[in-house]
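The sequence and its predicted three-dimensional model are supplied below.
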Amino acid sequence: MGVIKMIFLKGKNKKLKEKKKKEKAKRVPSKVTSVLPFLDITEDCIMLKNEVMDIIEIEGKDILSLTESELARDINIFHTFYKTVNVDIKLVSMNFPVNAKKQKEYVEYKMNKTDNPIYKSFLVDKIRELEYLEKNKTNKEYYLFLFAPNLDVLNSVRNTVNRTIPNALHVRALSIEKKQSILYKLNNKNSKIMSKRSDFVG
């Protein structure tokens, strides 16, 4: 009986130790939300724990086709921009799936307008081609991350961006959904994001 009792007590103590370990592990803040700085996202900005930020898309440009004077002009524009802005900014490039939503809508519109079976067959092939591009191809996109201590400063920086950079490159405001996709992709490097909606404002 003594041996059985010792075995029972040993097993009970082992379970108590494992229970204590689990309770101790629960106290450790292991959630990703406790590490990431993001709090909320609105039409005005992305709210972080200690500041606010925004993301603006910058459309790429073929610099090899520019003349020397055009290249010098663009360099001066960005030089002025960097001198004017006194907050943190970051240029980020990412690969995103091709978004052919507008093209598909146009092709479908043409299909509904035609009775020509040959032309309709051509349009069906075109839609399949666009769907293939959406599933298998990506575009390299460029974004300007703007950081500021508060919304007033952020608005001022956005005004500076809209006043200077468009003289060299096209800039686009992004929808909340697109900003969420960028942040998700940025923090989940191996994820694959499929384009299901129009991502741009206006």
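Cool, got the structure. Numbers count the residues shown, from 1 in each chain.

where do the strands sit along this protein?
Secondary structure of the chain, counting by DSSP state E: strands at 38-41, 46-48, 52-58, 89-97, 138-148, 171-173.

Excluding covalently adjacent residues, which one is nearest to the residue nearest the centre of the chain?
Among the residues of the chain, the one closest to the centroid is residue 182, at 0.6 Å (Cα atoms, centre = their mean). Among residues not flanking residue 182 along the chain, residue 55 sits closest, at 5.9 Å (Cβ to Cβ, 6 or more residues apart in numbering). (Glycine included, C-beta is placed from N, CA and C.)

Residue 150 now?
Take residue 150 and drop its neighbours on the chain: the residue closest to it by Cβ to Cβ, 6+ apart is residue 52, 6.5 Å away.

Spit out the contact partners of the one you found.
Neighbouring residues of residue 52 by Cβ atoms under 8 Å, 6 or more residues apart in numbering: 45-46, 147-151, 154.

most surrounded residue in the residues you listed?
Among these, the one with the most neighbours (other Cβ atoms under 10 Å) is residue 46, at 24 neighbours.

separation between that residue and residue 63?
30 Å (Cβ to Cβ, to the nearest Å).

do residue 125 as well
With Cβ to Cβ as the criterion, residue 125 and residue 63 are 35 Å apart.

now do residue 91
15 Å.

again, but for residue 185
Using Cβ to Cβ, we find residue 185 at a distance of 26 Å from residue 63.

So which of those two has more stuff around it?
More crowded of residue 185 and residue 63, by other Cβ under 10 Å: residue 185, with 16 against 9.

was I right about that one contacting residue 93?
No - the pair residue 185 / residue 93 is not scored as a contact, 11.7 Å apart, by Cβ atoms under 8 Å.

Would you map the helices across this protein?
Using DSSP state H, the helices of the chain run over residues 2-27, 68-84, 101-113, 117-136, 151-164, 176-187.

Can you add mean pLDDT and distance to residue 170 and give those helices back as TSV?
Listed next are the helices of the chain as TSV, based on pLDDT from 0 to 100; distance: least, Cβ to Cβ, whole Å:
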stretch	mean pLDDT	distance to residue 170
helix 2-27	55	51
helix 68-84	89	12
helix 101-113	88	17
helix 117-136	87	22
helix 151-164	91	11
helix 176-187	86	16
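
Compute the number of surrounding residues for the residue nearest to residue 127 when sequence neighbours are not counted.
Distances taken as Cβ to Cβ, 6+ apart place residue 107 nearest to residue 127, at 5.4 Å, with adjacent residues excluded. Counted with other Cβ under 10 Å, the neighbours of residue 107 add up to 19.
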